[in-house]
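Enquirer: after the sequence you'll find the predicted model.
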Amino acid sequence: MIIKPKGTVDITGKEAKVWKYVEEVIDSVMEKYNYNYIRTPIFESSELFHRGIGDSTDIVTKETYDFKDRGDRNLTLRPEGTAGVVRSFVENKMYGNANLPIKVYYNGTMYRYERPQKGRLRELSQYGVECLGSSDPMMDAEVISLSFNINKMLGLDDVVVHINSLGDSDSRNSYREALKTYFKPYLDDLCDDCKERFNKNPLRIIDCKIDSNKSYFKDAPKILDFLNVESKEHFDKVCEYLDLLEVKYVVDPYIVRGLDYYNHTVFELKTESTNLALGGGGRYDKLVGNLDGPETPCVGYAGGIDRLVELLMNEKKFSNVRDDIDAFLMYVNEDEKKYAIYLANLLRMSGFVVETEYNNKSLKSQFKRADYFNSKYLIILNSNDLNDGLVTVKNNKTKEEEKIMIEYLIYYFDEHISDDNQDVDLESYCHSHDKRGDCNE
Ligand code: AMP
């Protein structure tokens with residue numbers, strides 16, 4: 001038996017339904033905020049991530065899936081979504097669009113060679129937004145509130161935004177020096193990664209999982225004390241707008257994010273009770289320039305779909321996920337089966353969720369199969385009734401049943417099943433099917 005690679009998952013059954021539901025909510029919220037869907041390649045040239053994400057990050061130094069293709073090109077499976085979107089923005093000269101900012105969202109698989117554990121996969125799925133072409137703090141606030149609202153729409157009311165500012169490069173330079181001065185006496189005590197970070201990127205010491213519990217950490221300098229006037233103004237405005245938008249947030253000086261490209265606002269979404277990281281993002285005003293485009297201020301967010309789905313499953317927050325069908329068509333002989341095939345098609349095309357029998361099993365097992373799918377109604381086909389143009393419709397809950405003329409079947413279901421999701425125009429569809437019931441001809 002061939003088994004799936006380490007750190008990957010199969011999403012099936014109920015979980016797959018919850019997954020689709022999560023994606024629907026994401027799509028629908030993105031539509032309301034007027035973010036356009038974007039698809040970029042799953043593999044890109046390796047250079048993009050080295051230059052884009054940064055050579056001092058864990059993602060690039062330890063976690064990328066790098067390979068050479070048969071043409072000897074150096075390629076990398078994308079570990080995150082932002083670099084690809086920015087590459088596309090530059091390559092397609094979207095910066096020339098007079099209607100900046102460009103607001104896009106994506107949803108797809110990312111690849112990181114991490115140590116697999118609960119909630120940490122090697123093939124993970126993320127959705128994310130990128131806004132390219134606005135430095136206004138209102139943009140930061142929109143991205144933060146949008147990500148907060150997606151979780152809210154999914155019924156997760158335990159989510160809080162942890163927000164911090166890394167300021168502009170001047171603010172960060174003074175902070176870096178202060179961190180080095182502070183941590184120098186403790187250098188021997190820091191973990192091996194932090195010893196390296198001390199020289200390459202001291203900010204990253206702040207969110208080290210290993211060192212951050214050490215007693216001398218709590219007195220380490222905080223970036224907010226090093227923000228210059230412009231950076232402080234930007235941060236204060238973001239917070240003011242978040243208050244206006246009623247986003248639940250805390251200012252958290254320990255959020256620095258793992259990637260090199262952030263400046264000003266950085267944030268993470270976490271569950272309040274379990275501190276589970278659901279996503280993060282921030283402003284990255286230098287990335288477009290680093291990737292050979294004109295300097296363009298940007299802000300974005302990426303959220304993990306695997307964790308969202310796991311959380312909804314654990315908390316049983318999937319009451320909005322449909323777990324039943326509208327009707328199950330039952331038959332015994334070949335003539336009845338033809339009606340089953342025909343009527344299943346007709347009802348499905350009219351917007352109803354319909355199932356039938358595919359293995360010519362007995363009526364008894366068909367009843368069981370209908371229950372397995374939680375069918376609201378049973379449509380029992382019987383040759384004698386069919387000759388009179390009738391079918392039996394049974395409410396599977398109340399067990400009441402009645403005979404209905406075939407041509408009224410759709411109207412019957414339309415009346416009895418309140419299905420807000422019907423997207424087929426019933427009336428025009430019925431007019432074009434005036435001869436339904438004639439499938440024997
Ligand atoms: P990051 O940009 O690395 O903070 O990732 C954003 C979100 O993606 C995280 O908050 C997680 O929800 C999710 N995520 C990141 N890495 C993984 C992983 N290895 N497995 C599953 N989800 C992940």
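Expert: Sure, I can see it. It should be emphasised that the depicted structure is a prediction, and the values quoted were computed from it without experimental measurement.
Enquirer: for the residue in the chain positioned nearest to the ligand, what are phi and psi?
Expert: Nearest residue of the chain to the ligand, counting by C-beta to the nearest ligand atom: G304, 2.4 Å away. For the C-beta atoms, the positions are set from N, CA and C on the backbone; glycine is no exception. Dihedral pair for G304: phi -90, psi 120, per degrees, to the nearest 10.
Enquirer: for it, name its beta-bridge partners.
Expert: When bridges are taken as DSSP bridges, the partners of G304 come out as Q126.
Enquirer: I figured it hits Q126, correct?
Expert: Yes. At 5.8 Å, G304 counts as touching Q126 under the criterion of C-beta atoms under 8 Å.
Enquirer: now the common contact residues for the two.
Expert: Here G304 and Q126 have G279 as joint contacts, going by C-beta atoms under 8 Å, 6 or more residues apart in numbering.
Enquirer: compare the two (neighbour count), which wins?
Expert: Ranked by neighbour count (other C-beta atoms under 10 Å), G304 and Q126 place G304 first, with 24 against 21.
Enquirer: picking up where we left off before, list the contacts for the residue of the chain closest to the ligand?
Expert: 124-126, 277-279.
Enquirer: output those in CSV; the columns should cover pLDDT and distance to the ligand.
Expert: Output for the contacts of G304, formatted as CSV (pLDDT from 0 to 100; distance: C-beta to the nearest ligand atom, whole Å):
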residue, pLDDT, distance to the ligand
L124, 98, 4
S125, 98, 8
Q126, 98, 5
A277, 94, 4
L278, 97, 5
G279, 97, 5
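Enquirer: which pair in these spans the largest distance?
Expert: Maximum pairwise distance among those (C-beta to C-beta): 14.8 Å, between S125 and A277.
Enquirer: who has more neighbours out of the two?
Expert: S125 (21 against 14).
Enquirer: what residues does the stretch 301-441 of the chain put near the ligand?
Expert: Proximity of the stretch 301-441 of the chain to the ligand (C-beta under 6 Å from any ligand atom) is limited to residues 302-304, 306-307.
Enquirer: can you put the residues you listed in CSV and add pLDDT?
Expert: Output for these, formatted as CSV (pLDDT from 0 to 100):
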residue, pLDDT
A302, 98
G303, 98
G304, 98
D306, 97
R307, 96
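Enquirer: got the residue ranges for the helices in the stretch 251-400 of the chain?
Expert: 287-290, 305-314, 334-349, 363-372, 383-387 (DSSP state H, counting those that start in this stretch).
Enquirer: ranking those helices by burial, who's on top?
Expert: Most buried of the helices of the stretch 251-400 of the chain, by mean neighbour count (mean count of other C-beta atoms under 10 Å): helix 287-290, with a mean of 21.
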